[in-house]
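Asks: Fold the following and give me the result.
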Amino acid sequence: MLPQRHRLRDRSVFQTLYKKGQRSRGRWLTVLCKPREPRPSFEQSDLNDTRDLDLLDERAPADKCDPVELPTRWAIVVSKKVSRRAVDRNRIRRRIRGALRQLEPQWRSGWDVIAIVKPTPKERDRPYLLDCSYPELQQEVETLVRRAGLLDAAD
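Replies: Purely as a prediction, here's the structure:
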């Protein structure tokens, strides 16, 4: 599992990525990405109630970060069109997360990314990503991530 700071969960960010994200398509995956928007900061004087002090404490570290220093957040979407079986969908997610974990030291900071697994044709009873070898999947993920510009140029 990816560390929590690298997980994308906010519905509004998903909607923005689907509408305005830059797309990179491969054989098995589509990657949508967009630079992260820094959260608006607010000062202690903006608070009307002491209940909001907890919120300020939680947001303070992220508000002080530059957009470049914000961690890249990922989401992996595997719909029921890929496989009706939850076991298969979860296995596909784990395999993709493993491929992403290998590339983590090279990630550029400050991006939101969704990796969408392409649906399997109905005449095929098993998803492609369960039959492909791990090096093939690793190559597909690295190619798409590099094409989207999410890896540092130094590597």
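
Asks: Can you name the element that comes right after the helix or strand of the chain with the lowest mean pLDDT?
Replies: Among the helices and strands of the chain, helix 53-63 carries the lowest confidence by mean pLDDT, DSSP states H and E, at a mean of 45. Once helix 53-63 ends, the next helix or strand along the chain (criterion: DSSP states H and E) is strand 73-77.

Asks: Convert that next one to PDB, retaining C-alpha atoms only.
Replies: Below are the C-alpha coordinates for strand 73-77, written out as PDB (Å, rounded to 0.1, in the frame of the first residue of the first chain):
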ATOM      1  CA  ARG A  73      -0.700  11.700  -4.900                       C
ATOM      2  CA  TRP A  74      -2.000   8.600  -6.700                       C
ATOM      3  CA  ALA A  75      -5.300   6.800  -7.200                       C
ATOM      4  CA  ILE A  76      -5.700   3.500  -9.000                       C
ATOM      5  CA  VAL A  77      -9.100   2.900 -10.600                       C
END
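
Asks: Show the average pLDDT along that strand.
Replies: The pLDDT scores in strand 73-77 average 95.

Asks: now stretch 130-137
Replies: Stretch 130-137 comes out with an average pLDDT of 93.

Asks: List of residues touching that stretch?
Replies: 28, 83, 88, 91, 92, 95, 96, 98, 99, 129, 140 (CB atoms under 8 Å, 6 or more residues apart in numbering). (Each C-beta comes from the backbone N, C-alpha and C, glycine too.)

Asks: Kindly report the same for stretch 78-94.
Replies: Under CB under 8 Å, 6+ apart, the answer for stretch 78-94 is 76, 117, 118, 119, 120, 126, 127, 129, 130.

Asks: Pull out the buried residues from it.
Replies: When burial is assessed from 16 or more other CB atoms under 10 Å, stretch 78-94 yields the following buried residues: 78, 82, 83, 88, 89, 91, 92, 93.
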